[in-house]
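> Sequence and predicted structure are below.
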Number of protein chains: 2
Amino acid sequence: MTHPRHRLDDLIHSPVRLSVMSALRHADAVHFGLLRDTVEVSDSLLSKHLAALEAAGYLEVTKGYAGRRPRTWYSLTAQGRAAFDAYIAALREIVDAAAPPAGSGE
Amino acid sequence: MTHPRHRLDDLIHSPVRLSVMSALRHADAVHFGLLRDTVEVSDSLLSKHLAALEAAGYLEVTKGYAGRRPRTWYSLTAQGRAAFDAYIAALREIVDAAAPPAGSGE
């Protein structure tokens, strides 16, 4: 099986998780509220998707305070960055697929 | 709702359909057997996905012969090309998302 679709990580392909991973790929750490507002998703749905990504080892979670408000930050692990980059590479291969070999219109 | 994930066409996002649409975007027409071999999918699954794309108005189907062998060709309609290009634009916006605004790590 050589078609790049076989290398599309299902866990990342979901639109919400892809959006979360993309947001985190471009930042050191993002807190829950900002992720929610950026991706425009409910607290409960975001929690569910973050838990799936954390269970896969793609996310690191840090709890702390901003002033007196408790906050939870998320960042990609090295494994998460590698998985995201591999996903993007597979996606590019699919989308930039050269025309099928001569004879396609036979 | 302004996050680009809301503009990801579900019909195209499925890995097999994305692969089919990508292959067709780069060719005038592709016959069933070549699509199947390119995307590496069973006849029955490919038929199902092609029917969904045709029902959405994204595909045009042409039946004919290559020598004495019956063949069915598929090509994107103008609507299909527009939908694919809009999907790719939304995907690029998600993936190339700038870092969230300052304060992301607060």
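Cool, got the structure.
> what about the spatially most central residue of chain A, which SS state?
The centre of chain A sits closest to A:Met21, judged by CA atoms, centre = their mean, with a distance of 2.6 Å. Recorded secondary structure, A:Met21: helix (DSSP: H, G, I helix; E, B strand; the rest coil).
> roughly how far apart are it and A:Leu76?
From A:Met21 across to A:Leu76, the span is 7 Å (CB to CB, to the nearest Å). Using the backbone N, CA and C atoms, a C-beta is placed for each residue, glycine as well.
> Overlap in contacts, those two.
Shared contacts of A:Met21 and A:Leu76, defined by CB atoms under 8 Å, 6 or more residues apart in numbering or on different chains, comprise A:Tyr58, A:Phe84.
> Tell me which residues of the helix ranked longest in chain A come out buried.
Looking across chain A with DSSP state H, the single longest helix is helix A:78-95. Residues A:Gly80, A:Ala83, A:Phe84, A:Tyr87, A:Ile88, A:Ala90, A:Leu91, A:Glu93, A:Ile94, A:Val95 are the ones in helix A:78-95 that count as buried (16 or more other CB atoms under 10 Å in any protein chain shown).
> Pretty sure A:Leu50 sits against A:Val20.
Yes - using CB atoms under 8 Å, A:Leu50 makes contact with A:Val20 at a distance of 7.0 Å.
> Neighbour count: those two, which is higher?
A:Val20 (27 against 21; other CB atoms under 10 Å in any protein chain shown).
> before we move on, back to that, ok, and which of the buried residues of helix A:78-95 reach chain B?
A:Ile88, A:Leu91, A:Ile94, A:Val95 (CB under 8 Å from any CB of the partner chain).
> Enumerate the residues of chain A near chain B.
Looking at chain B, the residues of chain A close enough under CB under 8 Å from any CB are A:1-6, A:8, A:13, A:15-16, A:18-19, A:22-23, A:26-31, A:34, A:38-40, A:66, A:71, A:73, A:88, A:91, A:94-95, A:97-101, A:103-106.
> Buried subset of these, written for PyMOL?
Buried members of these, defined by 16+ other CB under 10 Å, are picked up in PyMOL with:
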select buried, chain A and resi 3+4+5+8+13+15+16+18+19+22+23+27+29+30+31+34+38+39+71+73+88+91+94+95+97+100+104
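> which regions of chain A sit below the pLDDT cut-off?
Along chain A, segments meeting pLDDT under 70 span A:98-106.
> from the ones next to chain B among the buried residues of helix A:78-95, which is closest to B:Ser44?
Among those, A:Ile94 lies closest to B:Ser44 (CB to CB), at 21.6 Å.
> That closest one contacts B:Arg25, correct?
No - using CB under 8 Å, A:Ile94 is not in contact with B:Arg25, being 10.6 Å away.
> hmm, back to that, common neighbours of A:Leu50 and A:Val20, please.
A:Leu35, A:Tyr74.
> Nearest spatial neighbour of A:Leu76, chain-adjacent residues omitted?
A:Leu24 (4.8 Å; CB to CB, 6 or more residues apart in numbering or on different chains).
> which residues touch that neighbour?
Listed by CB under 8 Å, 6+ apart, the contact partners of A:Leu24 are A:Val30, A:Leu35, A:Leu59, A:Tyr74, A:Ser75, A:Leu76, A:Gly80.
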